[in-house]
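Student: I need the structure of the sequence given here:
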Amino acid sequence: MFRRLLFEDAAALFTLAAFLTAVSIFVTITWRALRMKRAQLEHFEQLPFATATPSARHDTDADHAA
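Tutor: Have a look, this model is predicted:
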């Protein structure tokens, strides 16, 4: 009976440690995003559009036929 109580306390401790770790990661990411400099923010805003998107290729070769 007492071993089970100790195990449940350890499980609760590990659960709490995992929760605190996850919260600290999310808080750190949020804090860094909020404190980002304007120049870096503008650079990140333009990242998806920095290179031209290639047009879709529609090959009509017979090699690719099913």
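Student: Toward the C-terminus from the lengthiest helix in the chain, list the very next helix or strand.
Tutor: In the chain, with assignment by DSSP state H, the single longest helix is helix 2-34. Downstream of helix 2-34, the first helix or strand assigned by DSSP states H and E is helix 38-46.
Student: Next, the angle from that following helix to helix 2-34.
Tutor: Put simply, helix 38-46 runs at 100 degrees to helix 2-34, going by axes from the mean of the first three to the mean of the last three CA atoms, to 10 degrees.
Student: who does helix 38-46 touch, helix- and strand-wise?
Tutor: If you count contacts as 3 or more CB pairs under 8 Å, 6 or more residues apart in numbering; DSSP states H and E, helix 38-46 packs onto no helix or strand. Every C-beta, even on glycine, is put in place using the N, C-alpha and C of the backbone.
Student: Start the count at 899 instead of 1 going forward.
Tutor: Noted, 899 is the first residue going forward, which turns the last one into helix 936-944.
Student: Name the residues of that helix that are buried.
Tutor: By neighbour count with 16 or more other CB atoms under 10 Å, helix 936-944 contains no buried residues.
Student: what's next to that helix, contact-wise?
Tutor: With CB atoms under 8 Å, 6 or more residues apart in numbering as the test, helix 936-944 has contacts from residue 934.
Student: Dump it to CSV, restricted to CA.
Tutor: Listed next in CSV are the C-alpha coordinates belonging to helix 936-944 (Å, rounded to 0.1, in the frame of the first residue of the first chain):
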residue,chain,number,x,y,z
ARG,A,936,11.5,45.8,-35.6
ALA,A,937,14.1,45.1,-38.3
GLN,A,938,14.2,41.4,-37.5
LEU,A,939,10.4,41.3,-37.4
GLU,A,940,10.1,42.9,-40.9
HIS,A,941,12.7,40.4,-42.2
PHE,A,942,10.6,37.5,-40.8
GLU,A,943,7.5,39.0,-42.3
GLN,A,944,9.0,38.8,-45.8
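Student: low-scoring pLDDT stretches of the chain, where are they?
Tutor: For the chain, applying pLDDT under 70 flags the ranges 899-905, 947-964.
Student: gap between the residue nearest to residue 934 when sequence neighbours are not counted and residue 909?
Tutor: Leaving aside its sequence neighbours, residue 934 sits nearest to residue 942 (CB to CB, 6 or more residues apart in numbering; 7.8 Å). Using CB to CB, to the nearest Å, residue 942 is found at 40 Å from residue 909.
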